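*Asks:* Here is the input, now give the coordinates:
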Amino acid sequence: MLRLASPLKPLVTGFALLAFIAAAQTVARADQVTFLTTSCFGVGCTPTAPATAVSSTGAPFLTFIGQQATTVDTGTPSGFTAVDLGTFLITTSPLGGGTFGPTPFVLRITQSAPSAGTGTFTSTLTGTVVINGSDVRVIFDQTSLLIANVRYDLANLTFGNTLFLDPNATGGVTRLSALVSSPVPEPATLILLGTGLAGAAGAARRRRARP
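*Replies:* Here you go, the predicted model:
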């Protein structure tokens, strides 16, 4: 039976560990995740589905229709999956015959745990609906969030954090899109780990070579 020389054991063990980590990360990236969204307008509101904002006349002005339960693969070759988080629908003219001041908007993402685990997790994105004449926009306070190692990055924004809602385009419908990914350790981290293990093997070899 072939036996490894002692100085080589740490090195072989290190490479085996790297292979195990790489395999584990491949499995993690292949996990599917299921999510849905709910929302609301107003200070201290509770997300529901769908949510409607009204003008000072009491007329419905803006509705957000959340995304129903959707399952996506977080381990695609591109590293992310493009998804819809829901749809804004302008139901009347921007002011609806009344006034509509800056209004808070809350989007809640409810996610089932990846297939490797169990449970349900939630997190929220917040923003403000602002109207300037016929210009309607949602300005987000943050544009990404992490839920149980799954990352959501808002995708179709302007100026970094702004979603413009066009009352005249596609019947007043504007989709809110995101890129969903499952982050893994950077390659540099694995390289540093491998370098450290190789260094440890070299040190062990030098110690054994001393008289």
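*Asks:* next SSE after the helix-or-strand element of the chain with minimal mean pLDDT?
*Replies:* Sorted by mean pLDDT, DSSP states H and E, the helices and strands of the chain end with helix 9-29, the least confident at a mean of 44. Using DSSP states H and E, the next helix or strand after helix 9-29 towards the C-terminus is strand 32-41.
*Asks:* any idea of the mean pLDDT in that next one?
*Replies:* Across strand 32-41, the average pLDDT comes to 94.
*Asks:* How about stretch 142-160?
*Replies:* So the average pLDDT for stretch 142-160 ends up being 94.
*Asks:* Between the two ends of that stretch, how far is it?
*Replies:* 10 Å (C-alpha to C-alpha, to the nearest Å).
*Asks:* please begin residue numbering at 59 from this point
*Replies:* Got it, the first residue is 59 from now on, which makes the last one we talked about stretch 200-218.
*Asks:* Can you name the residues in contact with that stretch?
*Replies:* 86, 91, 93, 132, 138, 140, 143, 167, 169, 171-172, 175, 177, 179-184, 198, 219, 221-222, 233-241 (C-beta atoms under 8 Å, 6 or more residues apart in numbering). C-beta here means a position set from N, CA and C on the backbone, and glycine is covered the same way.
*Asks:* Buried residues, it. List them.
*Replies:* For stretch 200-218, the neighbour count (16 or more other C-beta atoms under 10 Å) marks Thr201, Leu203, Ile205, Ala206, Asn207, Val208, Arg209, Tyr210, Leu212, Ala213, Leu215 as buried.
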